[in-house]
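Enquirer: okay, predicted coordinates and the sequence, questions at the end:
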Amino acid sequence: MLAGHLHIEGGGFGEPIAAHAPVRGGHFLDEAEYCDRIGIVFRGRMIALGTPDEIKAQAGTESLEDAFIALVEAAP
């Protein structure tokens, strides 16, 4: 799930849709790099919440994709 300031136009990034988009779901982690804050939900539980850099630091990885995998594998 992605949350924050999103720039979306025709399925890609372009003009802002709002100052803040309360919740935006998605599966493309490269798009999440542009968000102010993201949350990762696994099995109905929030396992990570923060900026993309905070999420990567929490997981000890350099990419959000690797962070997602590490956090899901470590989740109870």
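Expert: Yep, that arrived.
Enquirer: and the longest helix for this structure?
Expert: The residue-count maximum for a helix in the chain (DSSP state H) belongs to helix 64-74.
Enquirer: what about Ala32, distance to Gln58?
Expert: Distance, Ala32 to Gln58, using CB to CB, to the nearest Å: 14 Å. The way it works is simple: take the backbone N, C-alpha and C, and place the C-beta from them, glycine included.
Enquirer: got the contact list for the longest helix of the chain?
Expert: Outside helix 64-74, the residues within contact range by CB atoms under 8 Å, 6 or more residues apart in numbering are 29-30, 32-33, 38, 40, 42, 47-48, 52, 55-56, 58-61.
Enquirer: and Ala32 and Gln58? Which one has more around it.
Expert: Legend: neighbour count by other CB atoms under 10 Å for Ala32 and Gln58, higher for Ala32 (25 against 17).
Enquirer: ramachandran angles for the more buried one?
Expert: Per-residue torsions, Ala32: phi -70, psi -20 (degrees, to the nearest 10).
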